[in-house]
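Visitor: Here is my input, please return the structure:
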Amino acid sequence: MWSSSFVASLHFSSLPKVSLFLSSSSSSSSSSSSSYYQKNCKFLCYAQNQPSTIGINFSKRQLNLSILTLLFNGFVLDHAKSISESGDLERYNDSENGFTLLVPSSWIKVEKAGANALFEEAEARSNNIGVVVSPVRIKSLEDFGTPQFVADKLINAEKRKESTKEAEVVSVGERSSGSQKVYEFEYKIDSTRGGIKRVFSAAFVSSKKLYLLNVVHSDKPEDPLDSSTRLVLEQVLHSFDALPLT
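Guide: Below you'll find the model as predicted:
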């Protein structure tokens, strides 16, 4: 969970429409089908409000590879979308504290002092999702500092823990959600309590309340975090938001 010292420190164009046309580079209408496919083809891309025409030459093999790539990318996007729709993730709303997020449907909600919500994986309870809500004087997280500034505060608080052997920030980012900014962080911790862990964190301020999310998962060298689990945990991270005021 977020360090109490870190929490205390916080109190101070749409794309142009594109049409694709496929034309043979040969002008002869008597060419056989086999010779036609052996010839190069040309994609002509016409972008709305863009006067220029861009020609790109493709061989039959390159064309087939391009089609396969498009199909594969489409499958990946559909698969990512289906994770939440298939029931692996479910929406959790906390109307009392004013936040919402997705959680794995198989994880168990438990009670713990200091956490407003805590979910644990049944088979490995050290893998968990926790939310802490605290009153603050600032109106937005931007009033406190940049994402990098907050990340530095966070990692320094982790390093001060006696159990921490090593802590490293992996990535820092932010996203807009309504009128507030949400800061997102990923970092790794090597601790005497549970070994190496991957942590995804998010923070935002709404209605003079600080909302903090920690998604913790084991990432040991002998059992590293796999890509499918990582995708689910990232969806949890990006789903963390304030409930709309009613």
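Visitor: any idea how far residue 192 is from residue 162?
Guide: Between residue 162 and residue 192 the computed distance is 8 Å (C-beta to C-beta, to the nearest Å). Where C-beta positions appear, they are placed from N, C-alpha and C, glycine not excepted.
Visitor: more neighbours, those two?
Guide: residue 192 (10 against 7; other C-beta atoms under 10 Å).
Visitor: Nearest residue to that one in space, please, no chain neighbours.
Guide: On the basis of C-beta to C-beta, 6 or more residues apart in numbering, the spatially nearest residue to residue 192 that is not a chain neighbour turns out to be residue 163, at 4.8 Å.
Visitor: who touches the one you found in this structure?
Guide: The neighbours of residue 163, taking C-beta atoms under 8 Å, 6 or more residues apart in numbering as the test, are 191, 192, 193.
Visitor: and it, what pLDDT?
Guide: pLDDT for residue 163: 94.
Visitor: ok, now residue 178?
Guide: The pLDDT attached to residue 178 in the predicted structure is 80.
Visitor: Not counting residues beside it along the chain, what's closest to it?
Guide: Across the structure, with C-beta to C-beta, 6+ apart as the measure, the residue nearest residue 178 apart from its sequence neighbours is residue 242 (7.1 Å).
Visitor: count of neighbours near the one you found?
Guide: Other residues within reach of residue 242 by the criterion other C-beta under 10 Å amount to 20.
Visitor: surely it meets residue 211?
Guide: Yes: contact criterion C-beta atoms under 8 Å: residue 242 and residue 211 qualify, at 6.9 Å.
Visitor: elements contacting the longest strand along the chain?
Guide: What stands out as the longest strand in the chain, according to DSSP state E, is strand 164-177. Taking 3 or more C-beta pairs under 8 Å, 6 or more residues apart in numbering; DSSP states H and E as the contact definition, the neighbouring helices and strands of strand 164-177 are helix 147-159, strand 180-191.
Visitor: mind listing what that strand pairs with, with the direction of each?
Guide: Listed by DSSP bridges, the sheet partners of strand 164-177 and their directions read strand 180-191 (antiparallel).
Visitor: list the buried ones in the partner strand?
Guide: 180, 181, 182, 183, 184, 185, 186, 187, 189, 190, 191 (16 or more other C-beta atoms under 10 Å).
Visitor: got any ranges where the chain has weak pLDDT?
Guide: In the predicted model of the chain, residues 1-87, 246 satisfy pLDDT under 70.
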